Each structure stands twice: as structure tokens, then as C-alpha cells.
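K.L.:
what would the 3D arrangement of this be:
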Amino acid sequence: MRSADPDVMLLAALADPVRLSIVRQLADGGGVCACDFTECCDVSQPTISHHLKVLRDAAVVTSERQGTNIVYSLSPDFAARWAGIGASLSGLLQVG
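P.N.:
A predicted model of the protein is given here:
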């Protein structure tokens, strides 16, 4: 059964090594054309498309068509969502 909890969807989307690599590339700033992810991830374009769909469905990334290309960026609220998850778990462990 799939969860409708947006935090669970975000964490599940980031749990895959290819998707985490895509997010790390996007975190470097600016938009990235879908065709440019095959270089960082060493997988085929159809596989990249699947992973990008999972990230879109979890509201981790946004996409915008620019001519014949689709350019992806981190969702504007991604950092706040990620920080919120971290803050909600901060009492579970002692860091440092």
C-alpha cells in the first residue's frame, strides 16, 4: 500500500541511489535538462524519465519545457520540507 503522507513520499523518492544523485545534481543550482542526467547516473534515458516522474510525483522537483527540452529544478519548498523532516526527528538522536 502506498502512503499519501507527503513526507513518506519524499523520503521514499530520495531512497533510490539514482534519484538521490539527480537531487544532488539539482542542488548544485540552476535547472538541468533531462538529457543531462544520463551522464551523472549511468542509466538509460527511459530510466531517468521514470526516476524524474517519481521525483515529480513526490513534489521534489518541478519541470518546465524550454523549446524541445524539459528542464528540471528542485521544488521551491524542497529545502523547507527537508528541514521540517529533520527537525521533527531531531529529538530522536543526539548529534555531536
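K.L.:
okay, CA-based contacts and neighbour counts for the rest of this
P.N.:
OK.
K.L.:
what is the burial count for Leu14?
P.N.:
By other Cα atoms under 10 Å, 19 other residues sit near Leu14.
K.L.:
nearest residue to it in space, ignoring adjacent ones along the chain?
P.N.:
Leaving aside its sequence neighbours, Leu14 sits nearest to Leu20 (Cα to Cα, 6 or more residues apart in numbering; 5.1 Å).
K.L.:
just give the number of residues close to the one you found.
P.N.:
Leu20: 16 neighbours (other Cα under 10 Å).
K.L.:
tell me which other helices or strands the host helix or strand of it touches.
P.N.:
For Leu20, the host element (DSSP states H and E) is helix 17-27. Under the contact definition 3 or more Cα pairs under 8 Å, 6 or more residues apart in numbering; DSSP states H and E, helix 17-27 sits against helix 6-14, helix 37-41, helix 45-57, strand 69-74.
K.L.:
got JSON lines for the ones you listed, with mean pLDDT and distance to Gly91 too?
P.N.:
Output for the helices and strands packed on helix 17-27, formatted as JSON lines (pLDDT from 0 to 100; distance: least, Cα to Cα, whole Å):
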{"stretch": "helix 6-14", "mean pLDDT": "91", "distance to Gly91": "17"}
{"stretch": "helix 37-41", "mean pLDDT": "76", "distance to Gly91": "34"}
{"stretch": "helix 45-57", "mean pLDDT": "93", "distance to Gly91": "28"}
{"stretch": "strand 69-74", "mean pLDDT": "94", "distance to Gly91": "27"}
